[in-house]
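Chemist: let's see this in three dimensions:
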Amino acid sequence: MSVPKSSKLVSAALLGLAAMLILWVSATFVGALNQANWQISELARQYMLATGMMKPLHTLVDYYTHIKGVEYLICVAFFVAFPIFFKYVNEEKKRVPVKR
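Modeler: Numbers count the residues shown, from 1 in each chain. Below you'll find the model as predicted:
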């Protein structure tokens, strides 16, 4: 069974578009790394500052508030995960009879 010519043409066009997109993303990433002095961590920091995921902490109170928020998130995760883990650990084991 042969594939129609139009289907091959659409596949080739999509493949070409994907290749151009990958080339553009790669060039943009390399340019951004060059601007960040080839440091991935600095590039990630600049990205997070630009998108608002991270705010510069100027005072000790800002830093303490941020750490306190992270601490609360860790506590909530523990309070959710511990009962589930406890129930799993204390689950009654079922015995499977062995045929001899």
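Chemist: state the pLDDT value of the spatially most central residue of the chain.
Modeler: Geometric centre of the chain, nearest residue: residue 44, 12.5 Å, by C-alpha atoms, centre = their mean. Note for residue 44: predicted pLDDT of 91.
Chemist: and it, how close does it get to residue 50?
Modeler: As judged by C-beta to C-beta, to the nearest Å, residue 44 and residue 50 stand 11 Å apart. Bear in mind the C-beta positions are built from the backbone N, C-alpha and C, glycine included.
Chemist: buried stuff in stretch 30-45?
Modeler: Neighbour-count burial for stretch 30-45, counted by 16 or more other C-beta atoms under 10 Å, picks out 36, 43.
Chemist: for that stretch, output the C-alpha coordinates as CSV.
Modeler: Once non-C-alpha atoms are left out, stretch 30-45 reads as follows in CSV (Å, rounded to 0.1, in the frame of the first residue of the first chain):
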residue,chain,number,x,y,z
VAL,A,30,23.4,29.7,22.4
GLY,A,31,23.0,33.5,22.2
ALA,A,32,21.5,33.7,25.7
LEU,A,33,24.3,31.5,27.1
ASN,A,34,26.9,33.8,25.4
GLN,A,35,25.3,36.8,27.0
ALA,A,36,25.3,35.0,30.4
ASN,A,37,29.0,34.3,30.1
TRP,A,38,28.4,30.6,29.3
GLN,A,39,27.0,29.9,32.8
ILE,A,40,23.8,27.9,32.8
SER,A,41,23.0,28.8,36.4
GLU,A,42,23.3,32.5,35.6
LEU,A,43,21.0,32.1,32.6
ALA,A,44,18.4,30.3,34.8
ARG,A,45,18.6,33.0,37.4
